[in-house]
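A.B. asks: Make a model of this:
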Amino acid sequence: MLRKVLRSAFQNQPWRIITARSSSSISSAKVRPPSPFEIVMGALNGNGPVSRRSYGDEEVSISVMRLANIVPGADGDGGDGDDEINQLFLHVDVSKPGQVESLHFLCGLYPDALGIHSINMRPMVEAVDSIAIPSAYSGPVFEDLDERMRDAFHTYVEERGVNDNLFPFLQAWLYVKNHRNLMRWFKSVRTFINENKSAKDA
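C.D. replies: Numbers count the residues shown, from 1 in each chain. As a prediction, the model looks like this:
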């Protein structure tokens, strides 16, 4: 979708038309996570958690990235220019009050499935502005665990609402965020070009 916007814009003068053209597109979409998850205030402007919920005395927070940003070509683009987001990379953090560490899952999310890549314990951070990288031992390779253990961990995250039902919301979220970033980029470029023209005219 973004490719279509870019292709159309550069056939004309993007800094003049792109903002107006996009006003009724992705940026106006109203995205909501499935209950009981809630959107984290200010998440569109940062790189931290997108959504969180309470589960008993636990807090479950989710950060999301496009898998293709980590593994180029992972989305399997068919060359149609639609920039479809079909695979997501999730950071799922489960924390408990009074604990100095939280349980962290790295997952792949698809329209019809969730896969766990790794599990580790990491220090809790009260105010997270970005995804933290663990510095201690991060645990065994998930696929090396016993099948019953793997099934138990999948059940654990699914009981906390982390499953493929989140995919439509997180997919839409990334479309909105990518679109906002694109608009900010065009605005910065337009401002620079217009200021440069003003200086020459003076």
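
A.B. asks: and stretch 56-69, which residues are buried?
C.D. replies: 59-68 (16 or more other Cβ atoms under 10 Å). Every C-beta, even on glycine, is put in place using the N, C-alpha and C of the backbone.

A.B. asks: give me the number of residues near Met121?
C.D. replies: By other Cβ atoms under 10 Å, the residues close to Met121 number 16.

A.B. asks: actually Arg148, not the one I wrote
C.D. replies: Count around Arg148 with other Cβ under 10 Å applied: 7.

A.B. asks: how long is stretch 89-101 end to end?
C.D. replies: The first and final residues of stretch 89-101 sit 22 Å from each other (Cα to Cα, to the nearest Å).

A.B. asks: Mind listing residues that contact it?
C.D. replies: The set of residues external to stretch 89-101 that reach it, using Cβ atoms under 8 Å, 6 or more residues apart in numbering, is 49, 55, 57-67, 69-70, 102-109, 121-124, 131, 157, 160, 162, 170.

A.B. asks: repeat that for 7 Å
C.D. replies: Contact partners of stretch 89-101, identified using Cβ atoms under 7 Å, 6 or more residues apart in numbering, comprise 57-65, 67, 70, 102-109, 121-124, 131, 157, 160, 162.

A.B. asks: So which residues of the protein form helices?
C.D. replies: Ranges of helices within the chain are 2-10, 14-22, 147-159, 167-201, based on DSSP state H.

A.B. asks: now the protein, which segments are flagged as low pLDDT?
C.D. replies: 1-29, 67-83, 125-136, 196-202 (pLDDT under 70).

A.B. asks: Nearest to Phe192, out of the buried residues of stretch 56-69: which one, please.
C.D. replies: Among the buried residues of stretch 56-69, Arg66 lies closest to Phe192 (Cβ to Cβ), at 27.4 Å.

A.B. asks: for the closest one, what are its contacts?
C.D. replies: 85, 88, 174.

A.B. asks: Pipe the residues you listed into TSV and attach distance to Met149 and neighbour count per row.
C.D. replies: What follows is the contacts of Arg66, written out as TSV (distance: Cβ to Cβ, whole Å; neighbours: other Cβ atoms under 10 Å):
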residue	distance to Met149	neighbour count
Ile85	31	20
Leu88	24	23
Leu174	31	18
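
A.B. asks: Closest to Asp146 out of the residues you listed?
C.D. replies: Leu88 (26.9 Å).

A.B. asks: Quick check: closest non-adjacent residue to the closest one.
C.D. replies: Nearest in space to Leu88, with sequence neighbours left out and distances taken as Cβ to Cβ, 6 or more residues apart in numbering, is Leu109 at 4.2 Å.
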